[in-house]
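Chemist: Coordinates for the following, if possible.
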Amino acid sequence: MVGVCIMVISIVKTMTPGLTNYLIDKGLAIDSLLFMISALLSFSSIRLEQSTERLERWAEMIFLLGLVSMTLITVIFSFEIV
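Modeler: A predicted model of the protein is given here:
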């Protein structure tokens, strides 16, 4: 998912500068951070020997937040809403 964010950011960078492209660029950068945090939490929950239900729950919530935000950014980018 981080790769998808990076690819779209590179596409946006080649377009003419504007507020929409700026917002999409920054939104996807934050989105890639969400996916990375989710992956780190998930990895930690696998590697730790103690009960890690809390880490798993946080990883799931952050991953879903990343998916929802990526979908919203995609809709805004595709239909040029902003």
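Chemist: Run through this structure and note the low-pLDDT ranges.
Modeler: The chain contains residues with pLDDT under 70 at 1-10, 12-13, 81-82.
Chemist: In it, which helix is the longest?
Modeler: helix 19-47 (DSSP state H).
Chemist: Pull the distance from it to the chain's centre.
Modeler: 4 Å (C-alpha atoms, centre = their mean, to the nearest Å).
Chemist: now swap in stretch 45-52 and tell me
Modeler: The answer for stretch 45-52 is 24 Å, by C-alpha atoms, centre = their mean.
Chemist: Quick check: buried residues in that stretch?
Modeler: Neighbour counts over stretch 45-52 (16 or more other C-beta atoms under 10 Å) mark Ser45, Thr52 as buried. In this view, the C-beta of every residue, glycine as well, is placed from N, C-alpha and C.
Chemist: what's in contact with that stretch?
Modeler: Outside stretch 45-52, the residues that touch it by C-beta atoms under 8 Å, 6 or more residues apart in numbering are Ser44, Leu55, Glu56, Ala59.
Chemist: Please find the angle between the direction vectors of whichever strand or helix holds the third one and helix 19-47.
Modeler: In this case it means Glu56. Using DSSP states H and E, Glu56 falls within helix 53-79. In terms of direction (axes from the mean of the first three to the mean of the last three C-alpha atoms, to 10 degrees), helix 53-79 departs from helix 19-47 by 160 degrees.
Chemist: Show me what helix 53-79 is packed up against.
Modeler: Counting contacts by 3 or more C-beta pairs under 8 Å, 6 or more residues apart in numbering; DSSP states H and E, helix 53-79 is packed against helix 2-14, helix 19-47.
Chemist: that older thread, now the two most distant members of the contacts of stretch 45-52.
Modeler: Ser44 and Glu56 (9.5 Å; C-beta to C-beta).
Chemist: any residues in contact with both of these two?
Modeler: Contacts common to Ser44 and Glu56, judged by C-beta under 8 Å, 6+ apart, are absent.
Chemist: what residues are up against the most centrally placed residue in the chain?
Modeler: Most central in the chain under C-alpha atoms, centre = their mean is Asp31, positioned 2.4 Å from the mean C-alpha point. By C-beta under 8 Å, 6+ apart, the residues touching Asp31 are Cys5, Gly66, Ser69, Met70, Ile73.
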